[in-house]
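> Provided below for reference: sequence and predicted model.
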Amino acid sequence: DVQLQACGGGLVQAGGSLRLSCATSGITFDDIAISWFRQAPGKEREAVSCISSVDGSTYYEDSVKGRFTISSDNAKSTVYLQMNNLKPEDTAVYYCASRPAGDPVYNFWGQGTLVTVSS
C-alpha cells in the first residue's frame with residue numbers, strides 16, 4: 001500500500017521558517033521524483049519544487065527560488081521542503097506527490113498540510 005504523509009505546516013509570521021516533510025512508504029524510492037505542490041484559496045494548484053531520487057536534480061518555481069530548499073533522505077524514504085523567509089503569499093495547502101522517474105504523471109498524492117503566513 002503506497003502512502004505519502006505530509007506534515008510540518010503551521011502558522012508562522014512573515015520572515016519565519018517551516019520545514020515540511022513527506023514520508024513515503026510502499027514506493028521504490030530510488031527511481032522516483034517527488035514534488036511539492038501548493039494550492040491557495042481561490043487559486044489553481046501550482047508546482048513549487050521537485051527532486052529526483054535518481055540523480056538529486058531539483059526544480060524550483062521562480063517565486064520560491066533562494067528561499068525554499070528541497071532535499072531527500074533516501075534511507076528514510078522522506079523528502080523535505082525547508083521554507084525560509086516565508087511571505088503571506090506562500091499561504092496555501094501544500095501537497096507532496098510522487099511519480100516514476102521520467103514519467104510526467106503523478107500517481108500518488110499526500111493529504112496536504114496547511115501553511116499560513118501572517119503579515
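Arrived safely.

> could I get the buried residue list for stretch 70-81?
Of the residues in stretch 70-81, I70, S72, S77, T78, V79, Y80, L81 count as buried by neighbour count, 16 or more other CB atoms under 10 Å. Just so you know, the C-beta spots here come from the backbone N, C-alpha and C atoms, and that holds for glycine as well.

> and the pLDDT for the residue nearest the centre of the chain?
Of all residues in the chain, the one closest to the mean position by CA atoms, centre = their mean is W36, 2.6 Å from it. Note on W36: pLDDT of 98.

> kindly report the same for G56.
92.

> what pairs with the residue lying closest to it once chain neighbours are set aside across the strands?
Closest residue to G56 apart from its sequence neighbours, by CB to CB, 6 or more residues apart in numbering: S72 at 7.4 Å. Under DSSP bridges, the beta-bridge partners of S72 are V79.

> residue contacts, S72?
I34, I51, S53, G56, T78, V79, Y80 (CB atoms under 8 Å, 6 or more residues apart in numbering).

> could you redo the last one with a cut-off of 10 Å?
22, 24, 29, 32, 34, 51-53, 56, 58, 78-80 (CB atoms under 10 Å, 6 or more residues apart in numbering).

> can you check V79 too?
By CB under 10 Å, 6+ apart, the residues touching V79 are 4, 6, 20-24, 29, 32-36, 49-51, 53, 70-73, 96, 98.

> burial count for P41?
Residues within reach of P41, counting by other CB atoms under 10 Å, total 7.

> before we move on, back to that, which among the contacts of V79 end up buried?
Applying 16+ other CB under 10 Å to the contacts of V79 flags 4, 6, 20-24, 29, 32-36, 49-51, 53, 70, 72, 96, 98 as buried.
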